[in-house]
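> coords please:
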Amino acid sequence: MNRYLPTVACVAIAFMSGCGDDPAGPSGEGWQEVTVDGITLAWLAEGDSLQVELTAPTTGWVAAGFDPSVGMQDANILIGYFDADSSSTAIRDDWGNAPASHRSDLLMGGTEDILSFEASESAGTTTLSFAILLDTGDAYDKPLEHGSSYDVILAYGPDGADDFTTQHELATVTTVTLQE
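Alright, predicted model coming up:
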């Protein structure tokens, strides 16, 4: 785990939710949502951050990759899972380093820029929620802007694939607009 993540997560959660209140979530005002091939992506671009909730029909990992050029190439990929055996969660900030592969930002000399995250499983479905900055300054994260549209890769691994390496069971692409 990134050693700064707990501190950054606490600050980000306080900033996004204000004085201990729970954020409105995907059903709250300003949230947008799309479902493609059974994967639901909900997002809220507010201030300098992007909040995302991704739900897929798997007990394995789920991922979203923002603004790829070709395949996974150049996408900012957030991949995470809930491990029911250990009741633990994990998320990683990756970069699409080729059309059909990705690597951890950290392994390439970048930074892990996840403000907060959580994951859960219920009835064969995994939900991953996370927040990132629209512009992290990391060479392995493309800046995102309010009012712009981006392709987003949505993918999930097979049931039980609680890791960052198992190949996807399904991958699809949608387009989202970040409205503030």
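> Identify all contacting residues around stretch 143-153.
With C-beta atoms under 8 Å, 6 or more residues apart in numbering as the test, stretch 143-153 has contacts from 41, 45, 50, 63-68, 72, 75, 77, 134-136, 171-180. Backbone N, C-alpha and C define where each C-beta goes, glycine included.
> Just want the most central residue of the chain.
residue 78 (4.0 Å; C-alpha atoms, centre = their mean).
> ok, which stretches of the protein are strands?
32-36, 39-46, 49-56, 62-66, 76-83, 88-98, 101-104, 116-122, 125-133, 149-156, 170-177 (DSSP state E).
> just checking, what packs against the third one?
Spelled out, that is strand 49-56. Applying 3 or more C-beta pairs under 8 Å, 6 or more residues apart in numbering; DSSP states H and E, we find strand 49-56 packed against helix 5-17, strand 39-46, strand 62-66, strand 125-133, strand 149-156.
> if we look at that strand, which residues are touching it?
12, 15-16, 23, 25-26, 38-44, 62-64, 78, 115, 125-134, 144, 154, 156, 170, 178.
> Now do that strand and strand 149-156, the angle between them.
40 degrees (axes from the mean of the first three to the mean of the last three C-alpha atoms, to 10 degrees).
> on that earlier part again, looking at the strands of the chain, spot the one closest to residue 140.
For those, proximity to residue 140 was assessed by C-beta to C-beta; strand 88-98 is nearest, at 3.8 Å.
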